[in-house]
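Student: need coordinates for the below:
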Amino acid sequence: MGEEVERVTGRRESSGGVLQPWYAIRVRSHYERVVGTSLSQKGYQEFVPFYRARRRWSDRTKIVEFPLFPGYVFCRFDPQKRLPILQTPGVVSIVSFGKKFVPVDEREIESIRAIVTAGCEVKPWPFLRIGQRVRIRGGALDGVEGLLLQVKNETRLVVSITLLQRSVAAEVDRGAIEPVV
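Tutor: Residues are numbered from 1 along each chain as shown. Predicted coordinates for the structure are as follows:
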């Protein structure tokens with residue numbers, strides 16, 4: 001049953017059938033992919049979103065992948081059983097306030113996942129607190145919520161991970177946007 005749920009929803013259940021929350025894990029610089037792979041091999045559900053950017057060197061130009069949230073990997077786990085997470089090479093700590101681990105909002109992770117898998121042009125964006133909250137209606141991003149921005153005649157949807165105070169922006173069609181009440 002557990003494997004069937006994971007295949008359909010992309011989520012793993014714990015042994016009690018309850019879905020574990022997402023946590024942000026601080027990792028060493030440039031270790032996002034390595035830690036994500038290690039956690040996956042240990043049986044954890046991890047999420048490490050990447051974006052592509054063109055980089056120019058003196059002799060060539062190349063498309064390179066970079067993590068959307070440098071220094072962080074998202075993972076579902078029981079915080080009471082965190083030792084295997086902390087022993088993973090490259091892991092620095094689990095994001096917490098004091099000694100309390102704070103889960104990342106499920107909707108924020110699902111919104112980032114939807115943007116990344118939709119194939120939109122994505123890039124990191126400065127974290128914003130002010131702005132109108134909007135929801136996309138129609139298309140690959142149907143139901144995704146975020147902040148609306150206008151940048152150089154382009155409409156962008158900014159989705160944030162509040163806990164990390166980091167954001168991601170995706171270009172969207174202005175006709176598919178509705179305000180969140």
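
Student: okay, the residue in the chain sticking out farthest from the centre: pLDDT?
Tutor: Distance to the chain centre peaks in the chain at Asp59, reaching 33.4 Å (criterion: Cα atoms, centre = their mean). pLDDT, Asp59: 91.

Student: same check, this time on Ile130
Tutor: Note on Ile130: pLDDT of 48.

Student: one more: the one 5 residues further on?
Tutor: Per-residue confidence at Arg135 stands at 83 (pLDDT).

Student: I figured it hits Ile177, correct?
Tutor: Yes: counting by Cβ atoms under 8 Å, Ile177 is a contact partner of Arg135 at 7.4 Å. Where you see a C-beta, it was placed from the backbone N, CA and C, and this is true even at glycine.

Student: on that earlier part again, show the contacting residues for the residue farthest from the centre of the chain.
Tutor: With Cβ atoms under 8 Å, 6 or more residues apart in numbering as the criterion, no residue contacts Asp59.

Student: could you point out which element follows the lowest-mean-pLDDT helix or strand in the chain?
Tutor: The weakest-scoring helix or strand in the chain, judged by mean pLDDT, DSSP states H and E, is helix 2-9 (a mean of 36). Downstream of helix 2-9, the next assigned helix or strand under DSSP states H and E is strand 22-27.

Student: quick one: contacts of that next one?
Tutor: With Cβ under 8 Å, 6+ apart as the test, strand 22-27 has contacts from 35, 47, 69, 71-77, 79, 85, 90-95, 101-104, 106, 109, 161, 163-164.

Student: run the last query once more with 7 Å
Tutor: With contact meaning Cβ atoms under 7 Å, 6 or more residues apart in numbering, strand 22-27 is reached by 35, 71-77, 79, 85, 90-95, 101, 103-104, 106, 109, 163-164.

Student: give the contact list for Ser93.
Tutor: Applying Cβ under 7 Å, 6+ apart, we find Ser93 in contact with Arg26.

Student: what residues sit buried inside the helix or strand harbouring Gly146?
Tutor: Using DSSP H and E, Gly146 maps to strand 145-151. For strand 145-151, the neighbour count (16 or more other Cβ atoms under 10 Å) marks Gly146, Leu147, Leu148, Leu149 as buried.

Student: tell me the one among these nearest to Leu157.
Tutor: Ranked by distance to Leu157 (Cβ to Cβ), these are led by Gly146 at 4.4 Å.

Student: check the spacing between Ile85 and Ile161 real quick.
Tutor: Using Cβ to Cβ, to the nearest Å, we find Ile85 at a distance of 18 Å from Ile161.

Student: ugh, typo on my part, it should be Val134
Tutor: Note on Val134: its distance to Ile161, by Cβ to Cβ, is 18 Å.
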